[in-house]
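In: need a structure here:
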Amino acid sequence: MNIKDVKNLSLLILNEITQYKAGDEEFHPYDMAEQLIDLRQADEKEYLKVIKKIPHELLADVLTEMPDFIHEEISELLSSRKLADITSKMDSDDAADFIQNVSESSEDVAQNILDNIDHEDRKEIEELIAYDENVAGAYMQKELFWATLDETIGDSIDRLKQLKDNDEVDHIFHVQIVNQKHKYICSIGLEEVIIMDYKKTYRDIFEAEEKEYIKTCVNHKTDINEVVDIVSKYNISSLPVVDDYGRLIGRITSDDIYDIIEERATEQIYNLAGVDDDAEQDENLFEIGKHRAMWLGVNLITAIAASIVISFFDATIQSMVALAVLLPIVASMGGNAGTQTLTVTVRQMALGDIEKEDAKRTIYKEVILSLANGAIFAFVVGIIAYLWFDIPLLGVVIALSMIINLFSAGFFGSVIPLWLQKNNIDPAIGSTVLLTTVTDVVGFFSFLGLATWILL
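Out: Numbering: from 1, shown residues only. Here you go, the predicted structure:
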């Protein structure tokens, strides 16, 4: 990006800031976040100037759309008081995430920010931070709209208007009904509330109607994977969270669930490729290279294992050069077939489509598919090998090897991730390296072993 482009981008962001101050914003915070990231990459000094001109309320929304490493970096650019003011304008779940990200860079700065936030907000943030990262409580926000059974519909609507005017809540889709002890009863969509008789209480509505309202909620200690399943299966826009006594304490919104789904899908793809998703977000090229090198080192060891198998048949290869020409075909077909099986199995496990009782059925299905493909491509490759080298038995050897290798690819491509999961290991981590080793070793050994036995 040249100097002119940098200036134009800077002016664009400043113009959006002016629009925001005038109450005439026509952009989404995500758009400004993307623009700021581009500006930061092109000119850090200009980026810093622009950051300092963004109103705190707007910056709070923009920061929630930016990567974690930006949160760590921003703590070095602004004072603790300014950061505290920005944090206080975020939703409680976003504020907790921001504080945790800042603490990764400096725990002292994170604590200074908390010390400068008013007592009630600080208490909420500290409560959210205290949760384990894999439970519902870590992802909930405290801002929600609730009403008691004996409150009139009209009074609750007036209270919602006041909460909205004070910017205390946003993205409200339901009113959460609680009893006098604040125990959760059910949720009612706002589109239903607005057509109710405003003079009646919620208790009157329940007693007069036999209609069932949404009663789905989760305990604050529920595993986040279960929460994701509930939201995905029942298409819920907002899921109430209760404590161990059934009292309403927060909600998890669908946008947070979508973020979790995206993060986990990204993590799976990276892990299958032997890449650390956290390291890839690091700006330090050395750290990225170090994590990639670790998996490349493991891959080197497995490649040596496959090479050792080939070395056992060096005399066979020397006596028939055609075998060396055909070896890559055996390895490539086995590797690709195994990757197909592995990817499908890992993804279905992540989505919860494969449970323990489904393991045998999954293995059986993948083996049948691999054998079917093995038979088809064994015939094709056998014919090609025969026509290419005019050695009929060579075609038979590579055809048999292809069937054996694709069988092992289907079997181990499904067994490896299932075995890893059974031993409480993430199936996406290391599966590819293990599978590649198996298909290479089996492929080379079967092909060269059969060639030694049949051809020589």
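In: C-alpha from now on. contacts and neighbour counts both.
Out: Noted.
In: okay, and for the stretch 301-450 of the chain, where does confidence drop off?
Out: The stretch 301-450 of the chain contains residues with pLDDT under 70 at 350-353, 355-357, 428-430.
In: residue 310 is in contact with residue 445, isn't it?
Out: Yes - the criterion here is Cα atoms under 8 Å, and residue 310 meets it with residue 445 at 7.3 Å.
In: and the chain, what are its domains?
Out: 3-135, 146-253, 277-454 (automatic domain parsing).
In: dump the ones you listed into JSON lines; add mean neighbour count and distance to residue 261 as well.
Out: Listed next are those as JSON lines, based on neighbours: other Cα atoms under 10 Å; distance: least, Cα to Cα, whole Å:
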{"stretch": "domain 3-135", "mean neighbour count": "17", "distance to residue 261": "13"}
{"stretch": "domain 146-253", "mean neighbour count": "16", "distance to residue 261": "8"}
{"stretch": "domain 277-454", "mean neighbour count": "18", "distance to residue 261": "10"}
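In: can you redo those domains as CSV with distance to residue 262?
Out: As requested, the domains of the chain are exported to CSV (distance: least, Cα to Cα, whole Å):
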stretch, distance to residue 262
domain 3-135, 14
domain 146-253, 11
domain 277-454, 12
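In: now residue 218: closest residue in space, sequence neighbours ignored.
Out: Leaving aside its sequence neighbours, residue 218 sits nearest to residue 241 (Cα to Cα, 6 or more residues apart in numbering; 5.1 Å).
In: same check, this time on residue 260
Out: Nearest one to residue 260, counting by Cα to Cα, 6+ apart, is residue 228 at 8.0 Å.
In: ok, residue 310 next?
Out: residue 444 (6.5 Å).
In: and that neighbour, what element?
Out: helix 431-454 (DSSP states H and E).
In: and that helix, how far out from the chain's middle?
Out: Centroid displacement of helix 431-454 relative to its chain, using Cα atoms, centre = their mean, to the nearest Å, is 34 Å.
In: stretch 29-43 too?
Out: That offset, for stretch 29-43, works out to 23 Å (Cα atoms, centre = their mean).
In: could you give me the average pLDDT of it?
Out: With pLDDT averaged residue by residue, stretch 29-43 scores 90.
In: mind listing what residue 192 touches?
Out: By Cα atoms under 8 Å, 6 or more residues apart in numbering, the contact list for residue 192 is empty.
In: look up phi and psi at it.
Out: Dihedral pair for residue 192: phi -80, psi -40, per degrees, to the nearest 10.
In: circling back: does the residue nearest to residue 218 touch residue 140 like I think?
Out: Yes - using Cα under 8 Å, residue 241 makes contact with residue 140 at a distance of 7.3 Å.
In: what do the two both touch?
Out: With Cα under 8 Å, 6+ apart as the test, residue 241 and residue 140 both reach 250, 251, 252.
In: helix, strand or coil for the last one?
Out: This points to residue 252. strand (DSSP: H, G, I helix; E, B strand; the rest coil).
In: what pLDDT does it get?
Out: On the pLDDT scale, residue 252 is placed at 92.
In: how close does residue 413 sit to residue 44?
Out: Relative to residue 44, residue 413 is positioned 47 Å away (Cα to Cα, to the nearest Å).
In: now residue 112
Out: 25 Å.
In: returning to what we had before: list the contacts for the residue nearest to residue 260?
Out: Counted by Cα under 8 Å, 6+ apart, residue 228 has contacts 257, 260, 261.
In: tell me if it really is in a helix.
Out: Yes - using three-state DSSP, the assignment for residue 228 is a helix.
In: and residue 147, what does it touch?
Out: Contacts of residue 147 by Cα under 8 Å, 6+ apart are 156, 175, 176, 177, 178.
In: could you redo the last one with a cut-off of 6 Å?
Out: residue 177 (Cα atoms under 6 Å, 6 or more residues apart in numbering).
In: what helix or strand is it located in?
Out: Assigned by DSSP H and E, residue 147 falls within strand 146-148.
In: name every strand pairing with that strand and say which way it goes.
Out: strand 174-178 (parallel) (DSSP bridges).
In: other residues contacting the partner strand?
Out: Under Cα under 6 Å, 6+ apart, the answer for strand 174-178 is 145, 146, 147, 148, 184, 185, 186, 187, 188, 189, 190.
In: any stretches of the stretch 101-250 of the chain with poor pLDDT?
Out: In the prediction, the stretch 101-250 of the chain carries residues with pLDDT under 70 at positions 210.
In: apply 90 and report the result again.
Out: When residues are selected by pLDDT under 90, those of the stretch 101-250 of the chain lie in 104-107, 118-121, 133-134, 165-173, 189, 191, 205-216, 225-226, 228-238.
In: which residue ranges of it form helices?
Out: 107-115, 119-129, 153-165, 190-193, 202-208, 224-234 (DSSP state H, counting those that start in this stretch).
In: closest one to residue 30 among those?
Out: Residue 30 lies closest to helix 153-165 among those, at 21.8 Å (Cα to Cα).
In: quick one: the closest one to strand 174-178, angle?
Out: 120 degrees (axes from the mean of the first three to the mean of the last three Cα atoms, to 10 degrees).
In: all further residue positions should be reported with the first residue as 260.
Out: In the new numbering, first residue 260, that becomes helix 412-424.
In: please report how far residue 347 lies from residue 339.
Out: Distance from residue 347 to residue 339, by Cα to Cα: 12 Å.
In: the strands in this protein, which residues?
Out: Assigned by DSSP state E, the strands in the chain fall at 405-407, 433-437, 443-448, 477-478, 497-501, 507-512.
In: tell me how far stretch 632-646 is from the chain's mean position?
Out: How far stretch 632-646 lies from its chain's middle: 40 Å, per Cα atoms, centre = their mean.
In: what comes into contact with that stretch?
Out: Contacts of stretch 632-646 (Cα under 6 Å, 6+ apart): 651, 654, 655, 658, 661, 662, 665.
In: swap in 10 Å and give it another go.
Out: With contact meaning Cα atoms under 10 Å, 6 or more residues apart in numbering, stretch 632-646 is reached by 581-582, 584-585, 588-589, 592-593, 596, 626-627, 629-631, 647, 649-666, 668-669.
In: please apply the same query to stretch 576-590.
Out: Contacts of stretch 576-590 (Cα under 10 Å, 6+ apart): 569-570, 573, 575, 593-594, 637, 640, 644, 647-648, 650, 653, 656-658, 660-662, 664-665, 695, 698-703, 705-707, 710-711, 714-715.
In: chain center to that stretch: distance?
Out: Taking Cα atoms, centre = their mean, one finds the center of stretch 576-590 at 42 Å from the center of the full chain.
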